[in-house]
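**Q** what follows is a predicted protein model with its sequence.
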Amino acid sequence: MPVTKQHREFHPIAMDGEGWQLPEGYAPGGGVDEKILSGSLDSVAKRGSRTRLLRFQPGVFTKKPFVHDYWEEVFLLQGDLTVGNDEEGEGGEPFSAFTYACRPPGVHHGPFKSNGGCLLLETHYYDPA
C-alpha cells in the first residue's frame, strides 16, 4: 500500500480562515467544518488514512446517525459534544474535553450536537489487507 501521509515536523496550524472546508456528509452552512492535517482516504479502493480537525460551531446539531466503512478514532480537544440527540437536538449523552472514542467500520454513531462549540481531532483509516 502506498504511503498516504507525508513526513511533516511540527508546524503551526491556522485555526481561522485558510484550509477549513465542508466535511463529507454534513450540510452546507450547517456550522461544521474540517481541516485535513495529513493523508487521504480512497473510498473506492478502501485504503488510506487521514488525520483531521473537525469543528462544531455553538448550537449546531446533526439529525441522523453516521456509519462508514473505515476505522475512526476521535479525541475531543475542547468544548462539549453530546452524542445521540434526536432530530430536534434534544437528549443524548454529553461529553467534555479530553474524552476519546474508537469505532470500527460499520458502527452507527451520532447524531451529535454541541451547545458551546467543540474541536475534535480525528484519525480515519482502512485496515491494511
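**A** Yep, it's here.
**Q** do I have it right that residue 124 meets residue 50?
**A** Yes: Residue 124 is in contact with residue 50 according to CB atoms under 8 Å; the separation is 5.3 Å. Any C-beta I mention is one placed from the backbone N, CA and C, and that applies to glycine too.
**Q** name the residues contacting each of those two.
**A** Both residue 124 and residue 50 are contacted by residue 41, under the criterion CB atoms under 8 Å, 6 or more residues apart in numbering.
**Q** what is the neighbour count of the residue nearest to residue 112 when sequence neighbours are not counted?
**A** The shortest distance from residue 112 to any non-neighbouring residue, by CB to CB, 6 or more residues apart in numbering, is to residue 62 (5.2 Å). Residue 62 has 20 neighbouring residues, counting by other CB atoms under 10 Å.
**Q** likewise the one 5 residues further on?
**A** The criterion is other CB under 10 Å. On that basis, residue 67 has 13 neighbouring residues.
**Q** how much space between the closest residue to it other than its chain neighbours and residue 77?
**A** Closest residue in space to residue 67, ignoring its immediate chain neighbours: residue 108 at 4.8 Å, by CB to CB, 6+ apart. Computed as CB to CB, to the nearest Å, the residue 108 to residue 77 distance reads 24 Å.
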